[in-house]
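**Q** Pasting a predicted model and its sequence here:
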Amino acid sequence: MTAVVFIHGTGVREPGFSALAGRFSAGVTALRDGLRVVPYYWGGEHGATLAAGGASLPPATGTSRGPAAPDADDDTALWAALYVDPYAELALAAAGSAPAAELPPGSPPPDQRIRARLAALAAEGDAPAADLGPGLARAATDLAAHPLLGAAAAALHPDGLPGLVARSLTAQVIAGALDSDAPLVPVGATRDAVTDRLARALGAPAPGTERGVRSLALRVAGSAASRAVVRRRRALTEAAHPAAGDVLRYLSRGEAVRAGLRTLLAGLPPPVAIVAHSLGGIIALDTLILTPLPQVRLLVTAGSQGPFLYESGSLPSLEHPAPLPAHFPDWLNLYDPRDLLGYLGGDLFPGRVTDIAVDSRQPFPAAHSAYWTDPAVYRHIVDRLP
């Protein structure tokens, strides 16, 4: 009788593990009779916990111990929205503009002056925003030609437009740095000082006098939601920390969970297959590399980061380019191309790993948890079982 050891991934705790293990057992036994499914639940004993009840968590902002005031949260929410879409305020302003009216003869379009100032700013290169990093000249050039600028200029008081445009420029430069994984991102005080300088260069009368859609942008940016998230940080952390904490705990103190798996395997007669998800695959991979376990004939990983950790020099048991040891069993690695936590092992271990793609048709992160409801996953597993 083949024994199939099922190992869960990060963040799984009871009663969720029993439901997951039951679903896995039903999936494999429906395709092959006579299997013995043996769950390995490591999360309860070896998973991460907040041992001191969350004493490491900062207090919510706006309390006596916190440095930020509610309006600081508003400001942070606005910038968070602009980093995602630097034209967000511009679009809001344009949406509020009245239908275009015919201008009197000889009247300049309302956006003519701001476009000219953007062109002059672009001619100065990146120097006016050097504290933020490169990209100002390109951002100013692109914004000067943007079709929404005309409608926004028509909708806003002239004093409000330069500040809005300056924020858009600043957001574009910082968003570019974030996209390129720049090692340095300016603090808010530097960001605001540069934005004020840009606003004055674009014709703002003085810092703080702008008018327009700022309050509307704050509402759309979700300032209330942002403050609620900060105030609920303890609950959110307690709900989310097992997943991240499990990974960190394993990488720093993983021997105990490997020892538990070795003990479980030692009591099973051959042939044995291990099916492991996510971090469970790393646990199984390390255990099988470090310890010859001849009763284990097959390792199946799904959504595993093991190959990535190996290539990046972070896998505890083996460092690139060392090969898998001769005693390591056959390895079937299932991955969903939409699962950003699933990696390939075939090119890293030629002839030792079979990578097979599955498609849950779910976006990430749902794709990372959808393996065990995919009939194709069970077919691939059962086809390879000893």
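**A** Yep, that arrived.

**Q** give me every residue that touches residue 36.
**A** Residue 36 is in contact with 1-4, counting by Cβ atoms under 8 Å, 6 or more residues apart in numbering. Using the backbone N, CA and C atoms, a C-beta is placed for each residue, glycine as well.

**Q** ok, and the most crowded of those?
**A** Among those, the one with the most neighbours (other Cβ atoms under 10 Å) is residue 4, at 26 neighbours.

**Q** Hmm, it is touching residue 29, no?
**A** No. With contact defined as Cβ atoms under 8 Å, residue 4 does not count as touching residue 29 (9.1 Å).

**Q** residues shared between the contacts of these two?
**A** Residues touching both residue 4 and residue 29 (Cβ under 8 Å, 6+ apart): 35, 37.

**Q** helix, strand or coil for the spatially closest residue to residue 364 that is not a sequence neighbour?
**A** In this structure, residue 364 finds its nearest non-sequential neighbour in residue 340, 4.8 Å apart by Cβ to Cβ, 6 or more residues apart in numbering. Taken by DSSP: H, G, I helix; E, B strand; the rest coil, the conformation at residue 340 corresponds to coil.

**Q** Enumerate every residue touching residue 340.
**A** Here residue 340 is in contact with 364-365, 368 (Cβ under 8 Å, 6+ apart).

**Q** Just the pLDDT at it, thanks.
**A** The model reports residue 340 with a pLDDT of 92.

**Q** go on, residue 299?
**A** On pLDDT, residue 299 comes in at 98.

**Q** from what I can see it touches residue 334, true?
**A** No. Using Cβ under 8 Å, residue 299 is not in contact with residue 334; the gap is 11.3 Å.

**Q** how about residue 37, what does it touch?
**A** The contact partners of residue 37, taken as Cβ under 8 Å, 6+ apart, are 3-4, 6, 21, 24-25, 28-29.

**Q** Highest neighbour count among those residues?
**A** Counting by other Cβ under 10 Å, top hit in the contacts of residue 37: residue 4 with 26 neighbours.

**Q** Which of the three states applies to that residue?
**A** Counting by three-state DSSP, the backbone at residue 4 sits in strand.

**Q** Mind listing the residues bridging to it?
**A** Beta-bridge partners for residue 4, by DSSP bridges, are residue 37, residue 273.

**Q** on that earlier part again, ok, the contacts of residue 340 vs residue 265, which is closest?
**A** Of all these, residue 265 sits closest to residue 368, with 25.8 Å by Cβ to Cβ.

**Q** Please save the CA atoms from the one helix or strand the closest one maps to in PDB.
**A** Element membership of residue 368 [criterion: DSSP states H and E] is helix 366-369. This file holds the C-alpha atoms of helix 366-369, laid out as PDB (Å, rounded to 0.1, in the frame of the first residue of the first chain):
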ATOM      1  CA  ALA A 366      -6.100  32.900  -5.300                       C
ATOM      2  CA  ALA A 367      -4.100  30.800  -7.800                       C
ATOM      3  CA  HIS A 368      -1.700  29.900  -4.900                       C
ATOM      4  CA  SER A 369      -4.500  28.200  -3.000                       C
END
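
**Q** List the contacts of the helix or strand just after that helix.
**A** Downstream of helix 366-369, the first helix or strand assigned by DSSP H and E is helix 375-384. Helix 375-384 has contacts (Cβ under 8 Å, 6+ apart) with 27-28, 30-32, 273, 275, 298, 300, 302, 330, 332, 334, 356, 358-359, 371.

**Q** which ones among these are found in helices?
**A** Judged by DSSP state H, helices contain the following of the contacts of helix 375-384: 27-28.

**Q** where does the closest residue to residue 298 other than its chain neighbours sit relative to residue 284, distance-wise?
**A** Nearest residue to residue 298 in three dimensions, chain neighbours excluded: residue 273, at 4.1 Å (Cβ to Cβ, 6+ apart). Using Cβ to Cβ, to the nearest Å, residue 273 is found at 10 Å from residue 284.

**Q** The protein: strands as residue ranges?
**A** 3-7, 36-40, 272-277, 296-302, 330-335, 353-357 (DSSP state E).

**Q** Of these, flag the one that's most buried.
**A** Among the strands of the chain, strand 272-277 has the highest mean neighbour count (mean count of other Cβ atoms under 10 Å), at a mean of 26.

**Q** now for that one, which elements pack on it?
**A** Strand 272-277 sits against strand 3-7, helix 279-290, strand 296-302, helix 375-384, with contacts defined as 3 or more Cβ pairs under 8 Å, 6 or more residues apart in numbering; DSSP states H and E.

**Q** For these, could you give me JSON lines that also reports distance to residue 88?
**A** JSON lines is the format used below for those (distance: least, Cβ to Cβ, whole Å):
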{"stretch": "strand 3-7", "distance to residue 88": "44"}
{"stretch": "helix 279-290", "distance to residue 88": "37"}
{"stretch": "strand 296-302", "distance to residue 88": "38"}
{"stretch": "helix 375-384", "distance to residue 88": "40"}
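
**Q** Show me the one of the ones you listed that comes nearest residue 79.
**A** It's helix 279-290; of those, that one is closest to residue 79 (Cβ to Cβ) at 33.9 Å.

**Q** Can you list the helices and strands that the closest one packs against?
**A** On a contact count with 3+ Cβ pairs under 8 Å, 6+ apart, helix 279-290 meets strand 3-7, helix 233-253, helix 255-266, strand 272-277, strand 296-302, helix 306-311.
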